[in-house]
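Enquirer: Compute the structure for the input listed below.
(one chain, ligands or ions: 1)
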Amino acid sequence: MNIAVLGYGTVGSGVVEIINNRGKDLMNKKMSENLFVKYILEIRDFPDDKNKEKFTKNFEDIIRDHEISVVVETIGGINPAFDFTSRCLSAGKHVVTSNKELVAEKGLELLELAKKNNVNFLFEASVGGGIPILRPLSVCLAANNIRSINGILNGTTNFILTKMISDNMSFETALKIAQKKGYAEKDPTADVEGHDACRKICILAALAFGNHIYPKDVHSEGITKIMLEDVAYAASYNSVIKLIGTAQQLNNGQLYILVSPAIVNKTSQLASVDDVFNAILVDGDATDEVLFYGKGAGKFPTASAVVADVIDACNHTDKRRLIGWGPEKKGVIVDYKTIKNQYYVRLRVFDSFQILPTIKANLGDIHLLSRSGATTLELAFITNEYTETELIDKIENIKGAELKSLIRVAKC
Ligand code: HSE
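Expert: Numbers count the residues shown, from 1 in each chain. Below is the predicted model of the structure:
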């Protein structure tokens, strides 16, 4: 079976390497034919690459070749990935992608196009890297009403936070290491500002709840404002700071979906998920909690999920795999600002002892936190449950206190 790979970056080159090394074995174990990479579409030159005879800069070579029935898209981003993917599906070719932006933004259109042309559009690698999650969620947990999904969905930010927590390392140094290791997106803003995790929670929520969820409708916050002081205060509360993607079905059927840093108690299963590892905690009404854990980024973990989809597509060239969702449901996502939560708050104050009675008068019971090296110009605490708007209003009313940090306390 000949396939084409679009894009020879971290994931694409991993896919080619796995297939080159294992393509023949797969025939005996998983497939009826050898798997072989015939084309690699790439605009950059790789003159010394051992696959150099496979390279083409012309997409038409691939679309016109009837020997190619499965195409891997690992270019990333929307353009030209969307155009190439649409053309492949329209031409009756199955497409496998690791591109979460493409799936989160254009998944519905591509799933419908795949259906119309009786081919498969598969995207296991788009969430959780090497962790099997999309098939288990939509197939193995199909008997459940999913109550919630909470996950650490971005390897780069989890790596950075782990370095900040364990090694007291600066954000910038940790990000550089993550980029060197090939975890980060081309533009790491998508990682550190939470956009990548947002795309992934949108895909998980669409699969779990049945309707397309667009990233523009989901509030996401990144980790760029987290300071080492916050890490230290969290530690004094037996907690760590993690970037959590959450999707919950409320009693009225609305969905609460959010990506934000969260104070996670060390007793949570998500607290010990470190470095590039991701974990996704799915709560089903029949199963209760099920945890999926593994490497969420990197060349081979992600390529592993892509190649598995390629094998599935090759083994089902005449049968559709039913993994997908329907159109968006307007108004289904609740305004995150109306949901009550406990918060971690760090304030800059004129004098922590003098201001404390005013803070208690405004916020009621608070749980004070401590860290070594703190001065009386700083105060950090955990609040009772408030909506974000209520809490910010109350803090703004306290004279002599400036809000420096506000982080949700996780419920998972
Ligand atoms: N940049 C992404 C991450 C890659 O760090 O998780 C995998 O999706």
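Enquirer: ok, the residue of the stretch 301-412 of the chain found nearest the ligand - contacts?
Expert: As assessed by CB to the nearest ligand atom, the ligand sits closest to Thr302 within the stretch 301-412 of the chain, at 6.2 Å. (Each C-beta comes from the backbone N, C-alpha and C, glycine too.) Taking CB atoms under 8 Å, 6 or more residues apart in numbering, we find Thr302 in contact with 10-11, 14, 98, 125, 129-130.
Enquirer: can you list the domains in this structure?
Expert: Here the domain parsing of the chain from automatic domain parsing is 2-130+300-314, 134-296, 340-409.
Enquirer: number of nearby residues for the residue lying closest to Lys57 once chain neighbours are set aside?
Expert: Once flanking residues are discounted, Lys57 sits nearest to Ile43: 5.8 Å by CB to CB, 6 or more residues apart in numbering. The tally of other residues near Ile43 (other CB atoms under 10 Å) stands at 10.
Enquirer: Relative to Lys106, how far out is Ile43?
Expert: Relative to Lys106, Ile43 is positioned 21 Å away (CB to CB, to the nearest Å).
Enquirer: cool, and Ile146?
Expert: 23 Å.
Enquirer: Show me which of the two is the more surrounded one.
Expert: Between Ile146 and Lys106, Ile146 has the larger neighbour count (other CB under 10 Å), namely 21 against 18.
Enquirer: That one reaches Ile280, doesn't it?
Expert: No. Counting by CB atoms under 8 Å, Ile146 stays clear of Ile280, with 11.4 Å between them.
Enquirer: returning to what we had before: can you show me the CA trace of the helix or strand harbouring the residue of the stretch 301-412 of the chain closest to the ligand as CSV?
Expert: Assessed by DSSP states H and E, Thr302 sits inside helix 299-315. C-alpha atoms of helix 299-315 as CSV (Å, rounded to 0.1, in the frame of the first residue of the first chain):
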residue,chain,number,x,y,z
LYS,A,299,8.2,13.0,17.1
PHE,A,300,7.6,9.3,17.7
PRO,A,301,4.7,9.4,20.2
THR,A,302,2.6,11.5,17.8
ALA,A,303,3.8,9.6,14.7
SER,A,304,2.7,6.4,16.5
ALA,A,305,-0.9,7.6,16.5
VAL,A,306,-0.7,8.8,12.9
VAL,A,307,0.7,5.4,11.7
ALA,A,308,-2.0,3.6,13.6
ASP,A,309,-4.6,5.6,11.8
VAL,A,310,-2.9,4.9,8.5
ILE,A,311,-3.1,1.2,9.2
ASP,A,312,-6.7,1.5,10.1
ALA,A,313,-7.4,3.5,6.9
CYS,A,314,-5.5,0.9,4.8
ASN,A,315,-7.4,-2.0,6.4
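Enquirer: for that helix, the distance to its chain's centre please.
Expert: 18 Å (CA atoms, centre = their mean, to the nearest Å).
Enquirer: Quick check: what element follows that helix along the chain?
Expert: Following helix 299-315 in sequence, per DSSP H and E, is strand 341-349.
Enquirer: which SS state does whichever residue of the stretch 1-150 of the chain sits closest to the ligand fall under?
Expert: Closest contact between the stretch 1-150 of the chain and the ligand, by CB to the nearest ligand atom, is at Gly129 (5.4 Å). Under DSSP: H, G, I helix; E, B strand; the rest coil, Gly129 falls in the coil class.
Enquirer: what residues does stretch 312-322 touch?
Expert: Stretch 312-322 has contacts (CB under 8 Å, 6+ apart) with 1, 3, 30-33, 35, 69-70, 94, 96, 114-115, 118-120, 122.
Enquirer: Could you tell me how far that stretch lies from the centre of the chain?
Expert: 26 Å.
Enquirer: Also stretch 125-144?
Expert: Stretch 125-144 sits 13 Å away from the centroid of its parent chain (CA atoms, centre = their mean).
Enquirer: Which residues of this structure lie near the ligand?
Expert: 129, 154-156, 183-185, 191, 196, 296-297 (CB under 6 Å from any ligand atom).
Enquirer: Please report how far the nearest residue to Leu141 once chain neighbours are set aside lies from the ligand.
Expert: The shortest distance from Leu141 to any non-neighbouring residue, by CB to CB, 6+ apart, is to Gly284 (5.3 Å). Distance, Gly284 to the ligand, using CB to the nearest ligand atom, to the nearest Å: 24 Å.
Enquirer: my guess is Gly284 contacts Asn144, does it?
Expert: Yes. In this structure, Gly284 is within contact of Asn144 by CB under 8 Å, at 3.0 Å.
Enquirer: Show me where the stretch 51-200 of the chain has its strands.
Expert: Assigned by DSSP state E, counting those that start in this stretch, the stretch 51-200 of the chain shows strands spanning 55-56, 68-73, 94-97, 121-122, 146-152.
Enquirer: Pipe those strands into TSV and attach distance to Ser405 and mean pLDDT per row.
Expert: Shown next, in TSV, are the strands of the stretch 51-200 of the chain (distance: least, CB to CB, whole Å; pLDDT from 0 to 100):
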stretch	distance to Ser405	mean pLDDT
strand 55-56	49	98
strand 68-73	39	97
strand 94-97	37	98
strand 121-122	41	97
strand 146-152	20	98
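Enquirer: could those strands be laid out in TSV, adding distance to Ala401?
Expert: Formatted as TSV, the strands of the stretch 51-200 of the chain follow (distance: least, CB to CB, whole Å):
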stretch	distance to Ala401
strand 55-56	60
strand 68-73	50
strand 94-97	48
strand 121-122	52
strand 146-152	31
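Enquirer: What about this protein, which residue is the most distant from its middle?
Expert: Going by CA atoms, centre = their mean, the residue of the chain most distant from its centre is Gln354, 43.3 Å out.
Enquirer: which residues sit in contact with that one?
Expert: With CB under 8 Å, 6+ apart as the criterion, no residue contacts Gln354.
Enquirer: can you tell me how far it sits from Gly128?
Expert: Counting by CB to CB - Gln354 and Gly128 are separated by 49 Å.
Enquirer: That concludes my questions; thank you for your assistance.
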